[in-house]
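> please find the sequence and the predicted model below.
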Amino acid sequence: MSGISLYKIKEIPKRVKQAFSSMGKEIKHMRGSNVWIFIMYGLLFDMSNNLWRPFAVRFLERLGGTEFHISLLSALPGLVAALVLLPGAVLFRKFTNKKRATAMFILISRASLLLIAFIPVFPARLQPLLFVIFVAIMNCPDSLSQTSLQSFLGTVFAGNQRGEAIALRTKFGQALIPVVTISAGLAITFIPNSDEGRMVLYQIFFVVAFLIGLLEVFVFNRLKVPEYLQTTEEVKQPKVKVLEIVKNKKFRAFFIPAICFAFTWQAGWPLVSIHQVMTLEATEMWFAIFALMSGIASLASGKFWQRILQKRGNHVTFVISAALIALNMFIFPLTSSVQMMAIVTLLTGFSAIGITTTFLNGVLEATPDENRLMYLAFYNTAMNISLFIAPFFAILLLNTFGNRNAMFIVGILRVVAVGFIFITHKLSKISSIRSKSPVE
């Protein structure tokens with residue numbers, strides 16, 4: 001058994017090299033197409049976000065943040081998004097140029113980074129809360145732009161091309177993210193000579209992330225939108241009520257298990273962050289290493305998830321990736337050093353690419369072409385309500401049972417959610433077969 005494991009470990013560099021070689025060929029084939037532009041947009045999005053997001057908890061702690069602030073950092077963005085998504089979707093229906101409106105919200109989101117850059121000039125006692133609030137405010141235009149973008153994906157890319165575009169965008173992003181994060185981590189660790197210098201470097205990162213965001217908007221505007229999407233046809237579509245969305249069987253079959261698992265997934269985030277920062281005392285350099293290990297595993301596993309998705313479909317891929325995500329919460333509490341955490345993060349990277357791909361591809365499969373934006377707004381609103389509640393649930397578990405036991409409990413809840421995904425899929429298949437059977 002150990003021999004097999006050793007062989008697989010030795011194969012990792014070879015697989016990563018093959019993945020980069022494959023990516024080079026794919027780049028030449030796609031250049032200039034909508035898929036290519038979407039990937040370039042995604043890479044700029046990843047660059048802008050990964051200059052600072054992987055270090056957000058560490059930055060918050062440097063500002064004087066506590067466990068309460070860490071939980072708020074996970075929760076408040078979800079509340080803001082939940083409040084604005086449905087009204088925002090109604091607003092988007094009134095825009096005749098959806099692409100321009102989406103670009104505008106992307107720009108507003110990136111401009112919010114300039115607010116965060118100036119946090120250190122405020123009184124020290126206000127800085128932790130201001131950071132949490134500014135990140136939450138930024139999530140308002142960001143969630144609106146991402147929901148609109150999801151709607152674009154359902155129309156600009158159809159059928160198999162959509163799944164391919166999402167998988168390729170994720171794969172290329174997973175190759176870039178570790179490079180950006182490890183570079184930022186090295187800079188924060190070795191360039192400044194003091195904590196004051198590190199805060200200045202953080203400010204520089206936020207400004208650079210804003211400038212990359214400007215380029216992101218420029219590339220997004222190059223997406224070639226089909227002519228039928230450039231008309232006012234969508235504005236004239238009949239209004240859809242929330243009850244109609246919930247009654248849609250196909251949408252409901254994906255939405256209910258997805259939201260149940262998402263809650264358990266989100267509940268683990270603050271617990272893991274607290275374990276990394278408070279218990280393992282991880283520095284920015286170690287957070288960069290975590291991202292590097294996760295990115296290597298994601299890159300090496302890209303073909304695996306693409307193959308599973310094509311052969312077995314979204315539901316089976318969902319079950320497999322969710323099961324691996326559940327396994328994480330039984331391993332993380334056992335890590336007693338940052339070195340162990342870095343190794344364990346390989347599993348996180350392997351499973352994360354599967355779950356993110358199935359979430360996005362699954363909701364696009366489950367939503368009808370007509371009124372897709374409203375379905376996505378409802379879905380994302382529910383996800384963000386879950387994102388708001390889950391961290392407080394996690395902190396309740398932490399205060400009651402301690403962080404280690406809280407992670408075990410969340411792991412058990414994830415296993416239950418995986419079982420629910422599996423059962424729902426089986427029941428959905430049985431119902432589909434019965435509905436297709438001829439009436440005797």
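Nice, I can see it. Numbering: from 1, shown residues only.

> all strands of the protein, in order?
Shown for the chain, no strands are assigned by DSSP state E.

> what's the longest helix in it?
Counting residues, the longest helix found in the chain (DSSP state H) is helix 284-331.

> show me what that helix is packed up against.
Contacts defined by 3 or more CB pairs under 8 Å, 6 or more residues apart in numbering; DSSP states H and E place helix 284-331 against helix 2-30, helix 160-190, helix 249-274, helix 338-366, helix 403-436. C-beta: built from backbone N, CA, C; applies to glycine.

> for residue 82, which of these is the nearest?
When these are compared by CB to CB, helix 249-274 sits nearest residue 82, at 12.4 Å.

> so residue 101 touches residue 89, yeah?
No. Counting by CB atoms under 8 Å, residue 101 does not reach residue 89; the two are 11.4 Å apart.

> and these two? Which one has more around it.
Legend: neighbour count by other CB atoms under 10 Å for residue 101 and residue 89, higher for residue 89 (23 against 18).

> thought that one was touching residue 375?
No. Taking contacts as CB under 8 Å, residue 89 lies outside contact range of residue 375: 9.1 Å.

> sorry, back to before: put together JSON lines for the helices and strands packed on helix 284-331, with distance to residue 218 and mean pLDDT on each row.
Output for those, formatted as JSON lines (distance: least, CB to CB, whole Å; pLDDT from 0 to 100):
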{"stretch": "helix 2-30", "distance to residue 218": "19", "mean pLDDT": "56"}
{"stretch": "helix 160-190", "distance to residue 218": "18", "mean pLDDT": "80"}
{"stretch": "helix 249-274", "distance to residue 218": "32", "mean pLDDT": "91"}
{"stretch": "helix 338-366", "distance to residue 218": "24", "mean pLDDT": "87"}
{"stretch": "helix 403-436", "distance to residue 218": "39", "mean pLDDT": "83"}
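
> and these as TSV, adding mean neighbour count?
Listed next are the helices and strands packed on helix 284-331 as TSV, based on neighbours: other CB atoms under 10 Å:
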stretch	mean neighbour count
helix 2-30	12
helix 160-190	19
helix 249-274	21
helix 338-366	20
helix 403-436	16
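
> okay if I get the ones you listed as a markdown table plus distance to residue 388?
Output for those, formatted as a markdown table (distance: least, CB to CB, whole Å):
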| stretch | distance to residue 388 |
| --- | --- |
| helix 2-30 | 36 |
| helix 160-190 | 26 |
| helix 249-274 | 9 |
| helix 338-366 | 18 |
| helix 403-436 | 17 |
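
> now do stretch 348-357: distance to the chain's middle.
How far stretch 348-357 lies from its chain's middle: 10 Å, per CA atoms, centre = their mean, to the nearest Å.

> roughly how far does residue 207 sit from residue 122?
Distance from residue 207 to residue 122, counting by CB to CB, to the nearest Å: 17 Å.

> one more: residue 309?
From residue 309 to residue 122 the distance is 46 Å (CB to CB).

> quick one: pLDDT of residue 399?
For residue 399, the pLDDT comes out at 91.

> roughly how far does it sit from residue 335?
Taken as CB to CB, the span from residue 399 to residue 335 is 21 Å.

> what about these two, which has more around it?
For residue 399 versus residue 335, neighbours defined as other CB under 10 Å are more numerous around residue 335 (19 against 11).

> report the contact partners of the residue nearest to residue 35 when sequence neighbours are not counted.
Distances taken as CB to CB, 6 or more residues apart in numbering place residue 165 nearest to residue 35, at 4.9 Å, with adjacent residues excluded. By CB atoms under 8 Å, 6 or more residues apart in numbering, the contact list for residue 165 reads 34, 35, 38, 39, 153, 157.

> now tabulate those in JSON lines and tack on pLDDT, neighbour count and distance to residue 180.
Formatted as JSON lines, those follow (pLDDT from 0 to 100; neighbours: other CB atoms under 10 Å; distance: CB to CB, whole Å):
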{"residue": "34", "pLDDT": "79", "neighbour count": "18", "distance to residue 180": "24"}
{"residue": "35", "pLDDT": "81", "neighbour count": "21", "distance to residue 180": "22"}
{"residue": "38", "pLDDT": "87", "neighbour count": "24", "distance to residue 180": "19"}
{"residue": "39", "pLDDT": "88", "neighbour count": "23", "distance to residue 180": "16"}
{"residue": "153", "pLDDT": "70", "neighbour count": "19", "distance to residue 180": "23"}
{"residue": "157", "pLDDT": "71", "neighbour count": "18", "distance to residue 180": "26"}
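
> what's the closest of those to residue 353?
Taking CB to CB as the measure, residue 353 lies nearest residue 39 of those, at 14.8 Å.

> any idea how far residue 95 is from the closest one?
In terms of CB to CB, residue 39 sits 25 Å off from residue 95.

> the residue nearest to residue 77 when sequence neighbours are not counted: how many residues sit nearby?
Of all residues not flanking residue 77 in the chain, residue 139 sits nearest, at 3.7 Å (CB to CB, 6+ apart). Residues lying near residue 139 (other CB under 10 Å) number 22.

> again, but for the one 5 residues further on
Using other CB under 10 Å, residue 144 has 27 neighbouring residues.

> tell me the contacts of it?
Residues near residue 144 by CB under 8 Å, 6+ apart: 84, 85, 88, 92, 105.

> nearest residue to the third one other than its sequence neighbours?
Computed as CB to CB, 6+ apart, the closest residue to residue 88 that is not its neighbour in sequence is residue 144, at 4.4 Å.
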